[in-house]
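Novice: Build me a structure from this.
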Amino acid sequence: MAKGYNVKEQNGVTYFQLPFFRSKKHAFCTRTGEKGVLEALGVPEGRLLTLRQVHKADVLVFEGDTRILTHPLPYDAVVTNKKRAALAISTADCLPILMIDRSKKVIAAVHAGWRGMWRGVVQRAARTMMEAFESAPADILAGIGPGIGPCCYELGTEVVSLFQNSSDIPQEFIQKREGRTYLDLSRAAQLELIQVGIPPENIEAIPLCTACRQDLFFSYRRDGETGRQVSFIML
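Specialist: Residues are numbered from 1 along each chain as shown. As a prediction, this is how the structure comes out:
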């Protein structure tokens with residue numbers, strides 16, 4: 001299984017793809033926008049399903065209701081087996097996570113910041129694939145896109161306490177340096193996926209920090225009010 005990630009550039013637009021998703025249309029877009037990426041991959045703009053992300057853990061099972069495409073609902077994850085619907089997530093430091101069951105042909109998109117992660121959105125999305133579509137964990141591939149890294153994601157004591165009280169292994173994703181505490185959000189997501197049975201070799205993360213890479217990404221932590229980059233996957 002091919003690992004790593006590819007950087008694509010076309011007509012001034014930069015985006016990232018994961019080789020192990022193979023021929024599935026997907027992209028982790030940058031601040032250069034998603035319109036050119038949708039055009040490059042042959043995805044009609046009207047097929048983009050977005051969510052009204054609220055930093056919680058509710059998962060939408062999309063069954064083909066086209067009204068949802070134009071009237072986003074308050075969810076932070078979506079799962080479907082419907083073709084020709086591009087499941088999209090918007091981020092500016094939180095993680096975009098894309099998943100696919102390569103056997104049952106089911107896809108998912110997850111918006112995971114610290115609030116959603118603590119509330120269990122990553123595991124709920126994976127379990128929804130398993131419960132609603134009988135996906136086997138070993139058949140699920142998960143791609144974790146760029147988000148704020150542990151180099152920049154400093155946490156307050158209250159947030160640190162939440163994670164320490166909810167995890168048996170907080171030292172795996174909480175780092176302490178020079179009297180300050182930082183969260184490795186990507187590592188936390190990987191551990192969440194592993195805990196529901198997805199093999200580590202089925203998980204790929206793009207190790208780029210949105211706060212560090214101003215040339216590529218919007219970052220709320222760095223800039224305050226800012227734009228969002230879109231990530232999507234489509235059967």
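Novice: buried stuff in the longest helix seen in the chain?
Specialist: In the chain, with assignment by DSSP state H, the single longest helix is helix 121-133. Across helix 121-133, burial judged by 16 or more other CB atoms under 10 Å covers 121-130, 133. Using the backbone N, CA and C atoms, a C-beta is placed for each residue, glycine as well.
Novice: gap between that helix and the chain center?
Specialist: 14 Å (CA atoms, centre = their mean, to the nearest Å).
Novice: Pull out the CA atoms of that helix and give them to me as CSV.
Specialist: Provided in CSV are the C-alpha atoms of helix 121-133 (Å, rounded to 0.1, in the frame of the first residue of the first chain):
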residue,chain,number,x,y,z
VAL,A,121,-16.2,12.7,17.0
VAL,A,122,-13.4,10.7,15.4
GLN,A,123,-14.5,7.4,17.0
ARG,A,124,-18.1,8.1,16.4
ALA,A,125,-17.6,8.6,12.7
ALA,A,126,-15.6,5.3,12.4
ARG,A,127,-18.2,3.4,14.4
THR,A,128,-21.0,4.9,12.2
MET,A,129,-19.3,3.3,9.2
MET,A,130,-19.2,0.0,11.1
GLU,A,131,-22.7,0.1,12.4
ALA,A,132,-24.6,1.7,9.5
PHE,A,133,-22.7,0.1,6.7
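Novice: Can you name the next helix or strand after it?
Specialist: strand 140-144 (DSSP states H and E).
Novice: Parallel or antiparallel, list what pairs with that next one.
Specialist: Its sheet considered, strand 140-144 pairs with strand 95-101 (antiparallel), strand 203-205 (parallel) by DSSP bridges.
Novice: What residues sit buried inside the following helix or strand past it?
Specialist: Next in sequence after strand 140-144, counting helices and strands by DSSP H and E, comes helix 157-166. The neighbour-count check on helix 157-166 (16+ other CB under 10 Å) flags 159-160, 162-163 as buried.
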